[in-house]
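Undergrad: coords below, sequence missing:
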């Protein structure tokens, strides 16, 4: 009975790294698309119609988008690449900061979009806030093991 369970576990885990990589790639493509598509695209219009009615809605949107990206990238690097926590976190923060800066720069070439330092700061704040939560969670897990 135990042998068959081990075989099933081995087979089921074979495709898991590919799923993690696919999830991370989809998150990156989604963030890049949402931050660089022209302003007249329906998805961008819909997001702005919702967020423009909220005080600091655009900043909240950028913050949430990049915080979510940070969580997904960290999860992907820990599970698919099986990196140490410290290396996975550094790569995640570096990638988030770079994607935030590059996409904000690329907005100048997209009709209906403009480069905005406040958006860039919200992007980076989302990355660093999520990294802080991840570090806190890792610390709690490690302290419980002592």
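TA: All right, it came through fine. Predicted, not measured: the structure shown is a model, and the values here were computed from it.
Undergrad: buried sites along whichever helix or strand residue 23 is part of?
TA: Using DSSP states H and E, residue 23 falls within helix 16-36. Residues of helix 16-36 classed as buried by neighbour count (16 or more other CB atoms under 10 Å): 20, 23-24, 27-28, 31, 34-36. Where C-beta positions appear, they are placed from N, C-alpha and C, glycine not excepted.
Undergrad: buried residues in the longest helix seen in the chain, which are they?
TA: Secondary structure of the chain per DSSP state H: the longest helix is helix 117-145. Buried positions in helix 117-145, judged by neighbour count with 16+ other CB under 10 Å: 119-120, 122-128, 130-131, 134, 138.
Undergrad: looking at those residues, which is nearest residue 75?
TA: residue 134 (9.2 Å; CB to CB).
Undergrad: residues in contact with the residue nearest the centre of the chain?
TA: In the chain, the C-alpha nearest the mean C-alpha coordinate belongs to residue 69, at 0.7 Å (CA atoms, centre = their mean). Each residue near residue 69 by CB atoms under 8 Å, 6 or more residues apart in numbering is listed here: 27-28, 31, 96, 99, 126-127.
Undergrad: now for those: which two are most distant?
TA: 28 and 126 (14.6 Å).
Undergrad: pLDDT weak spots in this protein?
TA: 1-13 (pLDDT under 70).
Undergrad: now do 50
TA: Along the chain, the parts satisfying pLDDT under 50 run over 1, 6-7.
Undergrad: before we move on, back to that, out of the contacts of residue 69, which one sits closest to residue 113?
TA: Closest to residue 113, out of all of the contacts of residue 69 and judged by CB to CB, is residue 31, at 14.4 Å.
Undergrad: OK, contacts around the closest one?
TA: Per CB under 8 Å, 6+ apart, neighbours of residue 31: 65-66, 69, 99, 103.
Undergrad: my read: residue 35 touches residue 102, true?
TA: No - contact status for residue 35 versus residue 102: not in contact, 9.3 Å apart, counting by CB atoms under 8 Å.
Undergrad: shared neighbours of those two, anything?
TA: Looking at what touches both residue 35 and residue 102 (by CB under 8 Å, 6+ apart), there is no common residue.
Undergrad: alright, calling it a day.
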